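Based on what follows, work out the 3D shape:
(one chain, ligands or ions: 1)
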Amino acid sequence: MSYPTQIRESMTKVEVTRQRRLTETHPRLSAQERETILKKFHPDYIEEAFRVLRLGPNRGERAPRELADALEAPAVIRHVPELLNDPVSHICDVLVIGGGGAGACAALLAQEYGASVLLTTKLRFGDANTMMAQGGIQAADKENDSPALHYLDVMGGGGFSNDPELVEVLVNEAPDVIAWLEALGTMFDKEPNGRLRTIHGGGTSRKRMHAARDYTGAEIMRTLRDEVRSRGNGSQTSILIWEFRPVVELLLDDQGRVAGAVALDLDTGQYMLIQARAVVIATGGSGRLHYQGFPTTNHYGATGDGLVLAYRAGAKLSFIDTMQYHPTGAAYPEQILGQLVTEKVRGLGAQLCNVEGEQFVFPLETRDVESAAFIRECQERNLGVATPTGQPAVWLDAPMIDLIKGPGTIARELPAMVRQYKRFGIDMLNEPILVYPTLHYQNGGVAISPNGGTQLPGLFIAGEAAGGIHGRNRLMGNSLLDICVFGRRAGVAAAEYAKQAEVADFSLNHLENWEKMRQEAGLQDDQPAPIILPDYTRAQTARTIP
Ligand code: MEZ
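Alright, predicted model coming up:
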């Protein structure tokens, strides 16, 4: 396929300026400029894309329209009394909902702390955003670095809005997480002398990004999934895994404690009652809600289910008015629109160029600022590259990497990227690629304490479904880290809680209250939630970038 002629013209300009740009560093934006560009161009600041929640614990607060609709939706379960007459399908100490990295970590630690564990997941175990994270995981484990510096970077990246207690835990436990993953078998990139190789990410003051080439998340997920599976499946002390069984509702007891959940078997269409002393929600993000019509890097099941379940049961959410748009989503060819082009490409030295082949932004600004700069270049300055579908784009000049770091670097460090583009006749070793912001991460989620606890006794949250750690903008590599740090913590806390929790009768009474509140708020009988899978026949989800 390669590039069509009209794009090639602009590509030639990128090639012409490359030698000169090798010695040029684009200046970073000042704090004032960052604030201005965010307010003017970042999608979080488009007022019409948000609305105020009309019911639930965050009533009166602002949320993206698509998420607000899901949070206020009617329940999937319609015939409560009949369902509650069904026999209980499974009883366990700790129920983990979600089969990504956070769920796997929670399951492992809950089991180590003596709990019987059921991990139930919507698709296959490992079908998750963890698997799709590419560029790395942060940890301050080098002599010139420290958790204190990591802390400052995380807070700065989040606009100093992050929950400081959560950040402290995140950065302090990071070096131990790397050691733990290595001990489980994760193969991080190493220098010839055996030391861990680290590079920069956007907003990092030290090189602390640890990677497994450009498939770090897949490598971590492989290790965690193997570990969960190798602990057996079915015996008293093992972790039982259910696949294709998403949870559609939490069960509460008469004291408001979480006492289990209702899963839907996607094969049979049957509901399954699970009685659990503690529940960990690790359902990940919501990119498949396609906020503001953006395409997404997220996996197919990322429809924000955990937020819906927790919210309806009464848990408060935090930072849900902010989403992360990864600056470098693939903008061409159309077949891979919105897919991730890892930040590692910029971490290794690639620059951003406009249609004239000129740099327009420092490549490693934090993601919110970087994305806003791309949007400004295309919308206000009209210096974007027009692709055949009308999708705006800017150039990411990948071939610079080999010129800076030596021949063979791209092939060695970015094999998955090279392969992704080769399929479409684009040679990343010698040609720049076209990128534009894509919906990548849910910055907020259910408000948690440092052990993953919520206001609801018995309910714990880990991973992307949790809010507060990253404030209004997450830095690259802190998500793979947080799923491990808070996944492990939530697993321990849930197991400890389960030891003292009474087994009480459960009910779905909260659904009756929910319906009452919906009616009082004058809400219609909308599409129920959790949504489970995106419906691409609906106009809302079928849209592409405006
Ligand atoms: O943390 C992330 O979001 C990540 C590693 C993404 C990437 O660009 O590779």
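
Tell me who's in contact with the closest residue to the ligand within the chain.
Of all residues in the chain, the one sitting closest to the ligand is Gly135 (2.8 Å; CB to the nearest ligand atom). C-betas here are computed from N, CA, C, even on glycine. Residues counted as contacts of Gly135 (CB atoms under 8 Å, 6 or more residues apart in numbering) are 201, 209, 211, 214, 216, 342-344, 347, 476-477.

Closest to the centroid, which residue in the protein?
Tyr441 (4.1 Å; CA atoms, centre = their mean).

quick one, phi psi at that residue?
phi -150, psi 150 (degrees, to the nearest 10).

can you check Pro64 too?
Dihedral angles of Pro64 (phi, psi; degrees, to the nearest 10) stand at phi -60, psi 140.

measure Leu123 to Gly98 for me?
Per CB to CB, to the nearest Å, Leu123 is found 10 Å from Gly98.

Between those two, which has more neighbouring residues?
Gly98 (33 against 17; other CB atoms under 10 Å).

The more buried one contacts Thr283, correct?
Yes. Using CB atoms under 8 Å, Gly98 is in contact with Thr283, at 4.3 Å.

which is the next helix or strand following whichever helix or strand Leu307 is part of?
Assigned by DSSP states H and E, Leu307 belongs to helix 305-313. On the C-terminal side of helix 305-313, the nearest following helix or strand under DSSP H and E is strand 317-318.

just checking, what packs against that next one?
helix 305-313, strand 445-447 (3 or more CB pairs under 8 Å, 6 or more residues apart in numbering; DSSP states H and E).

Other residues contacting the shortest one?
Contacting residues not belonging to strand 445-447 are listed as 281, 306-307, 310-311, 315-320, 454-455, 461, 464-468 [CB under 8 Å, 6+ apart].

Filter the residues you listed down to just the buried residues.
Buried members of those, scored by 16 or more other CB atoms under 10 Å, are 281, 306-307, 310-311, 315-320, 454, 461, 464-468.

longest helix of the protein?
Of all the segments of type helix in the chain, defined by DSSP state H, the longest one is helix 478-500.

isn't Pro64 right next to Ala49, touching?
Yes. The pair Pro64 / Ala49 is scored as a contact, 6.1 Å apart, by CB under 8 Å.

When the two are compared, which one has more neighbours?
Pro64 (23 against 16).

The more buried one: what's it in contact with?
So Pro64 contacts 49-50, 289, 291-292, 320-321, 323 (CB under 8 Å, 6+ apart).

and what of Thr438?
Thr438 neighbours (CB under 8 Å, 6+ apart): 294-297, 325-326, 328-330, 338-340.

All the strands of the stretch 351-500 of the chain, in order from the start?
With strands called from DSSP state E, counting those that start in this stretch, the stretch 351-500 of the chain shows them at 351-353, 385-386, 392-397, 433-442, 445-447, 459-461, 466-467.

swap that for the stretch 51-200 of the chain, please
62-64, 88-97, 117-120, 137-138, 198-199.

right, so of these, which gets closest to Thr268?
strand 88-97 (11.5 Å; CB to CB).

Please point out which parts of that closest one sit buried.
Along strand 88-97, the positions that meet the burial threshold by neighbour count (16+ other CB under 10 Å) are 89-90, 92-97.

which non-adjacent residue is nearest Lys142?
Thr198 (6.3 Å; CB to CB, 6 or more residues apart in numbering).

For Asn233, report the pLDDT, please.
For Asn233, the model assigns a pLDDT of 56.

Tell me the residues of this structure that contact the ligand?
Residues of the chain lying close to the ligand (CB under 6 Å from any ligand atom) are 133-136, 340, 342-344, 476-477, 479.

which among those residues gets closest to Gly157?
Met476 (9.0 Å).

backbone phi and psi for the closest residue to the closest one other than its chain neighbours, please?
Here the nearest residue to Met476 in space, its sequence neighbours aside, is Gly201; by CB to CB, 6+ apart that works out to 3.7 Å. Here is the backbone geometry of Gly201 (degrees, to the nearest 10): phi -130, psi 180.

ok, now Met323?
Dihedral angles (degrees, to the nearest 10) for Met323: phi -120, psi 160.

lowest-pLDDT helix or strand in the protein?
Using mean pLDDT, DSSP states H and E, helix 539-542 stands out as the lowest-scoring helix or strand of the chain, at a mean of 63.

where in this protein is pLDDT low?
1, 232-237, 539-546 (pLDDT under 70).

Got the domain ranges for it?
5-41+324-439, 80-126+218-322+443-507 (automatic domain parsing).

now these in TSV, with distance to Glu182?
TSV is the format used below for the domains of the chain (distance: least, CB to CB, whole Å):
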stretch	distance to Glu182
domain 5-41+324-439	19
domain 80-126+218-322+443-507	9
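
In CSV: the helices and strands packed on strand 317-318, plus distance to Val16.
Converted to CSV, the helices and strands packed on strand 317-318 look like this (distance: least, CB to CB, whole Å):
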stretch, distance to Val16
helix 305-313, 48
strand 445-447, 46
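
looking at these, which is closest to Asp505?
Closest approach to Asp505 among the helices and strands packed on strand 317-318 (CB to CB): helix 305-313, 16.3 Å.

Report the angle between that closest one and strand 88-97.
Counting by axes from the mean of the first three to the mean of the last three CA atoms, to 10 degrees, helix 305-313 lies at 110 degrees to strand 88-97.

Now, the contacts of Thr438 that are in strands?
Among the contacts of Thr438, DSSP state E puts 325-326, 328-330 in strands.

Sort out which one of the residues you listed lies nearest Gly522 for me.
Within the ones in strands among the contacts of Thr438, distances to Gly522 taken as CB to CB reach their minimum at Tyr325, with 32.8 Å.

doesn't Phe294 make contact with that closest one?
Yes. With contact defined as CB under 8 Å, Tyr325 reaches Phe294; the gap is 6.6 Å.

Those two: who's more crowded?
Taking neighbours as other CB under 10 Å, Tyr325 and Phe294 compare with Tyr325 leading, 27 against 22.

for that one, what are its contacts?
Here Tyr325 is in contact with 42-43, 294, 367-368, 371, 437-440 (CB under 8 Å, 6+ apart).

try it again with 7 Å
43, 294, 371, 437-440 (CB atoms under 7 Å, 6 or more residues apart in numbering).

Now the buried members of those.
43, 294, 371, 437-440.

May I see the residues you listed arranged in a markdown table, with distance to Cys353 as well?
Shown next, in a markdown table, are the buried ones among the contacts of Tyr325 (distance: CB to CB, whole Å):
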| residue | distance to Cys353 |
| --- | --- |
| Pro43 | 23 |
| Phe294 | 22 |
| Ser371 | 16 |
| Pro437 | 16 |
| Thr438 | 19 |
| Leu439 | 24 |
| His440 | 22 |
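
between these, which is closest to Pro4?
Thr438 (21.6 Å).

how close does the residue nearest to that closest one when sequence neighbours are not counted sit to Gln335?
Of all residues not flanking Thr438 in the chain, Gly329 sits nearest, at 2.4 Å (CB to CB, 6+ apart). Distance of Gly329 to Gln335, computed by CB to CB: 13 Å.

Those two: who's more crowded?
Neighbours per residue, other CB under 10 Å: of Gly329 and Gln335, the larger number sits with Gly329, 26 against 10.
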